[in-house]
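Colleague: please work out how this folds:
(one chain, ligands or ions: 1)
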Amino acid sequence: VNILGISAFYHDSAAALVRDGRVVAAAQEERFSRRKHDAAFPSAAIRYCLEHAEVGPDEIDAVAFYDKPVTTFNRLLRTYLQVAPRGFPMFHRGTLLWLRDKLWVPYVIERGLRDLGYRMPKDLSFSEHHASHAASAFYPSPFPSAAVLTFDGVGEWATTSIGHGEGNRLTIERQLDFPHSIGLLYSAFTYHCGFRVNSGEYKLMGLAPYGDPTFVDEIHELIDLRDDGSFHLDMRAFGYLDGDHMTNRRFDRLFGGPARPPESEITRRELDLARSIQDVTEEIVLRIARQAAALTGERDACLAGGVALNCVSNARLLREGPFDRIWVQPAAGDAGGAIGAALYEWFQTQGGEREVDDVHDGMAGCRLGPSFTSDEIAASLDERQRPYRRCSSRDDMARTVAELVDDGKVVGVFAGRMEFGPRALGARSILADARSPEMQAKVNASIKERESFRPFAPAVLEERAADWFELDAPAPYMTIVADVCAAHRVPGGDERGGSLAEWVGRARSDIPAVTHVDFSARVQTVNKETCPELHAILDAFHTRTGCPVMINTSFNVRGEPIVCTPEDAYRSFMGSGLDHLVLEDLVLDKAEQPPFADVDEWRSSITAD
Ligand SMILES: [Fe+2]
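Modeller: Presented below is the predicted three-dimensional model:
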C-alpha cells in the first residue's frame, strides 16, 4: 500500500512515501526549488518520492495531508474577530493567501498529481497538525509504547500536546491551544533578539550559554505556568494576534528596549535574554514531561514539533526528566509532518501492523533523499571539463579526505542518499578539523558567512563517542547536546568574560571548533550501517590522528538550502571557500578547476537568510 504524505503551505513543504508502514522516501521541496524553507506545493519532492519508489501512475493508494486547513482558517477568523478592528492589515494579507491556495488543498493536490502524470486516489485524508507531529515521533521510534510530546508554534489550534502511543495506536490525551504557545514564546524572543522567526531560533539557543538568566522573573510576569506544564501567556505584550510583529511596546518596556535590529552588534542584553528564555523553555518542557509520564505511565518518550529541535532542552529532559529514554523525530519541524501524516494514515486509520526494532528506528538514518551514481557524476564532469581524481575504493576515498582534513583543508562531501530534515549527517556535509583552534572562525567566515558565536557540530565514530563525549547512548541525529569529556577539556576553558569575540575564540578543549562555552557539543554519533561513507572517513582520520571527531556542518552557503544534486554541490564549492569537493568517489581540487562563470548569477539567486 503506497501512501503519499504531504506537508505544505506554511513553511518547509515536503513529501514522503510510506509503503506498508515503512518510510521509503522523503524530501523537502526547498532542496529541489533551491528556495530555503520553500512553502509551495511540493511538486518536485512528490515526483522524486514516487519515482524513487517506482510507484506507477495508478498506484498511489492514499494521500495524507499533514493538517486541517479549514480548521486553521477558522482559527484565523475567530482570532481576528476577537481583536478586530485591530489586526486588519495582517488579517487581510493572510486571507488573500488562504483564498489562493490553502483552502483548496484537495484540488491543488489533484491538479499537482495530474500535472506529474499520476491519478488522484479516492482516499485523501487530513490529520491534525499535532497528530501528524505525534505520529512522526512515535511510529518510527524504537519503542513499542511511549509517551508522545509535541510542541511547536501552532497547528490548527493546538500548540502543545501529550499523547500515548501503544503498538499501532496513538491517542492524544491533552492539548494546549493557541495563542498560548511555547514555540511562539520562543520565537517572540528570537524576533526581539534580532533573528528571523522560524529559522533564527537556533541562533538564540546558541547564544544562551553566554548569558545569565537575569530576565527569568520578567518572563514569568508574561506567563502563568502551572505545575502540569500548561500555561497562559499575557497577550498584552505580544503582537502576533493583532500586530505586524511578534512583540509590542509593552514587551519592549519589560525587556529593556526595542528589538535589536538584525545584523547589528549583539549586546549583553541579547545574551541574557537568550539564556533566560532557554531556561524558561526547559522548565516548561520538564513540567509537561512529568505530566506526560504521570498520565501515560510510560518510561520512554517520543518528541516532535519545532521546539523538539531544541537539543539543549532535550538533553536536560533526558538528564532531569522522568523518562529513561527519549527519541526525537529528526525532522521535528513541519517537514516531518509529511512522514507523520502518511504513517498516521497507515497505522491509525488503516490499522496497519507495527513491528518495532529496538536497535534500528524507522528513519534509516534520515537517508531518504535522492542519490547519484559515480558514473553519472563523472560523465557530467567530463562533459564540462572539470578535472577530478577517481579513488580506487571507499577506503582510498576515506583516507584521501582524512589526509586533506588533517592538512587543514575544508572538504565538501556528497555521498549517497540526501538527508531528510534540517541536519546534514554526512551525505551532504562540509567536513573540517575540529582540533584546529582557527577552524570555527575560518569555516564561518569563508563558507557559512555567519556569526561566529556558534560552534560547529561534531561527528564522531559511534564506537568511540563515549571516549570524547558524556553520552551513554547513540545520538545519530544531532537532536541532543552532550558535554565534552573532562579528559579532553582545557582546564579553565569555561572561564567567562571579555568581549564576545575573545570569549568565542578561547580554546576550551582538544576539539575547540566544536566545543561551546559551557563545554557542550551538538553531537552526531556516526553509525557504520546508516552513514558508511562518513564512518569510513572518521575511521581513517582516527587511524591517522588518534582523533575520531570532525566538524560536520551542512553543505550550503548562507541563505541557500542544503545541496541536493552534484551540480548544486559544485556551484557551492566554486562559490565559497571550500578547498576540495568529494562527489561519491571522485575528488576535486579547487586549484585545478576551470574558471566558473555562473557564480555571480547563482549568488544573486540566493534569497537572504
Ligand atoms: Fe508544527
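
Colleague: so where do the strands sit in the stretch 351-500 of the chain?
Modeller: 389-390, 411-414, 428-432, 458-461, 482-483 (DSSP state E, counting those that start in this stretch).

Colleague: quick one: Leu170 is in a helix?
Modeller: No. Using DSSP: H, G, I helix; E, B strand; the rest coil, the assignment for Leu170 is strand, not a helix.

Colleague: that one contacts Glu345, doesn't it?
Modeller: No. Contact criterion Cβ atoms under 8 Å: Leu170 and Glu345 do not qualify, at 11.7 Å. Where C-beta positions appear, they are placed from N, C-alpha and C, glycine not excepted.

Colleague: who has more neighbours, these two?
Modeller: Glu345 (28 against 23; other Cβ atoms under 10 Å).

Colleague: what residues are up against the residue lying closest to the more buried one once chain neighbours are set aside?
Modeller: Closest residue in space to Glu345, ignoring its immediate chain neighbours: Ala64 at 4.1 Å, by Cβ to Cβ, 6 or more residues apart in numbering. Neighbouring residues of Ala64 by Cβ atoms under 8 Å, 6 or more residues apart in numbering: Ile3, Leu4, Gly5, Ile6, Leu124, Ser125, Phe126, Ser127, Ala341, Ala342, Tyr344, Glu345.

Colleague: same thing but at 6 Å, please
Modeller: Ala64 makes contact with Ile3, Gly5, Ser125, Ala341, Ala342, Glu345, according to Cβ atoms under 6 Å, 6 or more residues apart in numbering.

Colleague: can you list these in a markdown table and add distance to Ser604, pLDDT and secondary structure?
Modeller: A markdown table is the format used below for the contacts of Ala64 (distance: Cβ to Cβ, whole Å; pLDDT from 0 to 100; DSSP: H, G, I helix; E, B strand; the rest coil):
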| residue | distance to Ser604 | pLDDT | secondary structure |
| --- | --- | --- | --- |
| Ile3 | 40 | 98 | strand |
| Gly5 | 34 | 98 | strand |
| Ser125 | 41 | 96 | strand |
| Ala341 | 36 | 98 | helix |
| Ala342 | 37 | 98 | helix |
| Glu345 | 42 | 98 | helix |
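
Colleague: out of the residues you listed, who's nearest the ion?
Modeller: Ala341 (11.7 Å; Cβ to the ion).

Colleague: hmm, which of the contacts of Ala64 are the buried ones?
Modeller: In the contacts of Ala64, burial by neighbour count holds for Ile3, Gly5, Ser125, Ala341, Ala342, Glu345, counting by 16 or more other Cβ atoms under 10 Å.

Colleague: within range of the ion, give me the residues from the protein.
Modeller: Asp152, Asp334 (Cβ under 5 Å from the ion).

Colleague: of all residues in the chain, which one is closest to the ion?
Modeller: Closest point on the chain to the ion, by Cβ to the ion, is Asp152, at 3.6 Å.

Colleague: mind listing what's buried in stretch 123-138?
Modeller: Counting neighbours by 16+ other Cβ under 10 Å, one finds that the buried residues in stretch 123-138 are 124-138.

Colleague: now stretch 239-255
Modeller: By 16+ other Cβ under 10 Å, the buried positions in stretch 239-255 come out as Gly239, Tyr240, Asp242, Gly243, His245, Met246, Thr247, Asn248, Phe251, Phe255.

Colleague: can I get those residues in CSV with distance to Phe573, pLDDT and secondary structure?
Modeller: Formatted as CSV, these follow (distance: Cβ to Cβ, whole Å; pLDDT from 0 to 100; three-state DSSP):
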residue, distance to Phe573, pLDDT, secondary structure
Gly239, 42, 87, coil
Tyr240, 40, 85, coil
Asp242, 47, 79, coil
Gly243, 43, 77, coil
His245, 38, 86, coil
Met246, 37, 89, coil
Thr247, 40, 92, strand
Asn248, 45, 92, coil
Phe251, 43, 94, helix
Phe255, 42, 95, coil
